[in-house]
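Enquirer: sharing a model prediction with you, sequence too.
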Amino acid sequence: MNRRQFLRVVGGTALLGSVGTVGHSAAHPGPFEPLGSVDIDGAKEAVVSADGQTVFVAATTGYAVVDISAPDRPELIAERRDLLADREDGPFRGIYDVKLDGETLVVVGPANPLPGSLSGVLVVDVSDPASPDEIGFYETDFPIHNCFAEDGRVYLTANNGEDNPLVVLDIASGDELGRWSLLSEDDRWADVRTTIWAIHDVWVQDEVAYVAHWDAGTWIVDMSNPANPTTLTALEPGDPEALASGTRTDLIRAGRTPPGNHHFVATNDAGTLLGIGVESWAYEVETEDEATELVAGPSGVSLWDISTLDDPTKLSTIDPPQSPDPTYGGVWTTAHNFDFHDDRLYTSWYRGGVKRHDISDSSDPIELAWWRDPDTASFWTAQYAYPFADEGVFVASSWGVDDDAGALYTFPDHTGEQLDPPTLVPETTTESLVQTATPTATEAPTTTASRTETPGFGLGVGVAGLGTAGWWYRTRGRGD
C-alpha cells in the first residue's frame, strides 16, 4: 500500500487565525521560498489528507486543521485546545503527534511523561475537516510520543520504562490487538537503562512495522498478526553489553551522539526504500593541552534498499547543515521528520530549514532546493501535499524560535535557490563540522532475527539524536 493509498484508508469551537502570505504563484518557479504560512501556537507534527487539500497539525495543547487548497493563502479552519478539560486529570496535553486513518484522526500524548496527566489516544471524525468531532478516548498507562495509523489500527510508542513495547490498538473499539518488545528478541537489553532504547517512532506499510528504537537501531517487524508479531531484521541494532554500564554522564552522551540515535523512519511508496533519520548533537571534551574540542554533532538521513527485507543495504546518507553551535543547548540542525513522494525526498532540519532531494538514484541523492530562516523557523517535518498547477506543493511545520510562534508553511515543489539565504555559519555548507571521529560500533549481537550492522558513524555520515525518546535527557523546556 503506498502513502497515497494509506492516507485514503487511514488516515470546541473553531478559532480562525491570521494568515501570513509570502512569495509567488505556484505556477511560476522563481527563487525558492514559501508560498504562504499560517501561525499555529505549539505546532509539532503535521499530516496531509488523501487529497492533499487539508493539513492536520499536532499543537502541544491541542490540534489544528489548515486548508491549503489555495497554497499561497493557507487558512486555519479549525483549532481545538484544552481537550478533555472536563476530566479530573484533564486537559489532554503534550500532543506532539497526529495521524490519519481515512477520515479518522488519531491524536496521541503526552509525548513525554506528565505525572498526573491524561495519557492516551483521542479519536476524531474529520469527515468534515472544519468541524472535527471527537468520538472517543482510549486511556493508556504510558506516554505516547508518536504513533502510526493504518487499516483501522493505531500503533503506539509505549515507553513504559519496563519493556518499551510497540502496542497495537483497534481504533474503533480501543481493544489491544497485540504488542512487540525488543526484549523478546534480545533479553540483554534488560540490563540497559530503558531510556537508551526507547521507541521513538514507528512507520507501518503493508502490515510491516519499521521501529526507530534509538540506540537499539531500527527493527523491522511483521505485524500481520499483531497477537504474534515476527521480527524480520534489525538495522544498526547497537551493542547492549557496551551500553549496560557507565555513569549518568556517559549515558546522556550515548543518547545524544552516535552510534545509534535512530529517531524517525519512513518508506517510499513502493516499499523498496527506507529512510532512517538520526538525531544528534555535539559535546565538549578536554584535550591533552587542557583546551576543549567538540565531539560528534548533528546527523542526517540514511537511505536503505529494503527490496529484500532479510538483506537490507545502506545506499547513502544525506548530511545535515552545519551549525554555529551544534551542542544540545545550541542551534539545532540535525535531521528530523521527512517524507517520500515518487523520486523526491522532503526533509526537515530544525533551524537548518527544509530541503528537497532527487532520489531517483538513491545511492547519490541530489539536493534540489533548500530554504531556511534560522531566526524565526525551526522545522519539525516536511510532507508532500498535492500536484498544483504545473508543479506540486509540500508543507512543513515549524515549532518556532524563541518568541516566534509555531507555524505551518507551504512550499512550491520545484527546484530553485533561496534568494539571499541567511547563513547558519560564516560559510554555510553541509560538510562535517566536527572532525573528531566517534567510536566504531562493536559487532552486532546475535539473535534469532537476521541483522544488518553498519559501523559507527563519523560526523560526515550523520548521527541521530533525541526526538521522541529524548525526554529523559531534557534539562529545560524543549521537546523533539
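Expert: Great, that's in hand.

Enquirer: any idea how far the helix or strand where residue 387 lies is from the chain center?
Expert: Taking DSSP states H and E as the criterion, residue 387 maps to strand 379-388. Chain-centre distance of strand 379-388: 14 Å, with C-alpha atoms, centre = their mean, to the nearest Å.

Enquirer: count the residues that sit near residue 391.
Expert: By other C-beta atoms under 10 Å, 14 other residues sit near residue 391. Where you see a C-beta, it was placed from the backbone N, CA and C, and this is true even at glycine.

Enquirer: center of the chain - which residue?
Expert: The residue lying closest to the centre of the chain (C-alpha atoms, centre = their mean) is residue 337, at 3.5 Å.

Enquirer: do you know the pLDDT at it?
Expert: Residue 337 is assigned a pLDDT of 98 by the prediction.

Enquirer: do I have it right that it meets residue 382?
Expert: Yes - under the criterion of C-beta atoms under 8 Å, residue 337 makes contact with residue 382 at 7.3 Å.

Enquirer: identify the contacts common to those two.
Expert: Taking C-beta atoms under 8 Å, 6 or more residues apart in numbering as the criterion, residue 337 and residue 382 both touch residue 348.

Enquirer: coming back round to it: average pLDDT for the helix or strand just after the strand holding residue 387?
Expert: The helix or strand immediately downstream of strand 379-388 is strand 391-398, counting by DSSP H and E. Mean pLDDT, strand 391-398: 95.

Enquirer: quick check: residue 254 is in a strand.
Expert: No - according to DSSP: H, G, I helix; E, B strand; the rest coil, residue 254 belongs to no strand; its state is helix.

Enquirer: give the contact list for it.
Expert: 196, 215, 243, 246, 260.

Enquirer: report the buried members of those residues.
Expert: 196, 215, 243, 260 (16 or more other C-beta atoms under 10 Å).

Enquirer: hmm, back to that, same list, the contacts of residue 254, but as JSON lines with distance to residue 347 please.
Expert: Output for the contacts of residue 254, formatted as JSON lines (distance: C-beta to C-beta, whole Å):
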{"residue": "196", "distance to residue 347": "26"}
{"residue": "215", "distance to residue 347": "22"}
{"residue": "243", "distance to residue 347": "28"}
{"residue": "246", "distance to residue 347": "32"}
{"residue": "260", "distance to residue 347": "20"}
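
Enquirer: can you tell me which two in those residues are farthest apart?
Expert: Farthest-apart pair in the contacts of residue 254 is 246 and 260; separation 13.4 Å (C-beta to C-beta).

Enquirer: need the strands for the stretch 351-480 of the chain, in chain order.
Expert: In the stretch 351-480 of the chain, the strands defined using DSSP state E, counting those that start in this stretch lie at 354-358, 366-371, 379-388, 391-398, 407-412, 450-452.

Enquirer: in stretch 402-409, which residues are buried?
Expert: 406-409.

Enquirer: one more: stretch 229-244?
Expert: 229, 231-240, 242-243.

Enquirer: quick check: the farthest pair among those?
Expert: The largest separation in the buried residues of stretch 229-244, counting by C-beta to C-beta, is between 229 and 242 at 26.7 Å.

Enquirer: the strands in the stretch 201-350 of the chain, which residues?
Expert: 201-205, 208-212, 218-222, 230-235, 262-267, 273-278, 282-286, 292-296, 301-305, 313-318, 338-341, 344-348.

Enquirer: ok, the shortest one: who's next to it in the sheet?
Expert: Yep, that's strand 338-341 we're talking about. Partners of strand 338-341 in the sheet, by DSSP bridges, are strand 344-348 (antiparallel).

Enquirer: same check, this time on the first one
Expert: With DSSP bridges as the test, strand 201-205 is paired with strand 208-212 (antiparallel).

Enquirer: can you list contacts of the strand it pairs with?
Expert: Residues outside strand 208-212 that contact it (C-beta under 8 Å, 6+ apart): 148, 155, 166, 180, 199-204, 218-223, 229, 232, 262-267, 271, 274, 276-277, 309.

Enquirer: 7 Å instead, please
Expert: 155, 166, 199-203, 218-223, 262-265, 267, 274 (C-beta atoms under 7 Å, 6 or more residues apart in numbering).

Enquirer: okay, and residue 73 sits in which element?
Expert: Using DSSP H and E, residue 73 falls within no helix or strand.

Enquirer: ranges for the helices of this structure?
Expert: When assigned using DSSP state H, the helices of the chain occupy the ranges 3-9, 240-243, 248-256.

Enquirer: pLDDT below threshold where in the stretch 301-450 of the chain?
Expert: 389, 427-450 (pLDDT under 70).

Enquirer: hang on, the earlier thing: among the strands of the stretch 351-480 of the chain, which is nearest residue 314?
Expert: That would be, of those and by C-beta to C-beta, strand 450-452, which comes in at 7.6 Å.

Enquirer: enumerate every residue touching the nearest residue in space to residue 323 that is not next to it in sequence.
Expert: Spatial nearest neighbour of residue 323, chain neighbours left out: residue 333 (4.2 Å); criterion: C-beta to C-beta, 6 or more residues apart in numbering. Neighbouring residues of residue 333 by C-beta under 7 Å, 6+ apart: 298, 320-323, 349-352, 424.

Enquirer: one more pass at 10 Å, please.
Expert: 281, 297-299, 320-326, 349-353, 372, 374, 378, 424-425, 428, 430, 433 (C-beta atoms under 10 Å, 6 or more residues apart in numbering).

Enquirer: before we move on, what about residue 40?
Expert: With C-beta under 10 Å, 6+ apart, residue 40 has these contacts: 17, 46, 55, 57-60, 62-66, 76, 79, 397-400, 405-408.

Enquirer: for the strand holding residue 387, list the C-alpha coordinates in PDB.
Expert: Backbone C-alpha positions of strand 379-388 (Å, rounded to 0.1, in the frame of the first residue of the first chain) are rendered in PDB as follows:
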ATOM      1  CA  PHE A 379      11.200  22.800  11.200                       C
ATOM      2  CA  TRP A 380       9.600  19.700  12.600                       C
ATOM      3  CA  THR A 381       8.500  17.900   9.400                       C
ATOM      4  CA  ALA A 382       8.200  18.300   5.700                       C
ATOM      5  CA  GLN A 383       5.400  16.500   3.900                       C
ATOM      6  CA  TYR A 384       4.400  16.300   0.200                       C
ATOM      7  CA  ALA A 385       0.800  17.600  -0.300                       C
ATOM      8  CA  TYR A 386      -0.500  17.500  -3.900                       C
ATOM      9  CA  PRO A 387       0.000  18.500  -7.500                       C
ATOM     10  CA  PHE A 388      -0.800  22.100  -8.100                       C
END
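
Enquirer: which elements pack onto it?
Expert: The contact analysis (3 or more C-beta pairs under 10 Å, 6 or more residues apart in numbering; DSSP states H and E) places strand 379-388 against helix 3-9, strand 46-48, strand 54-58, strand 338-341, strand 344-348, strand 354-358, strand 391-398, strand 407-412.

Enquirer: give me the angle between it and strand 262-267.
Expert: If you take axes from the mean of the first three to the mean of the last three C-alpha atoms, to 10 degrees, strand 379-388 sits at 10 degrees to strand 262-267.
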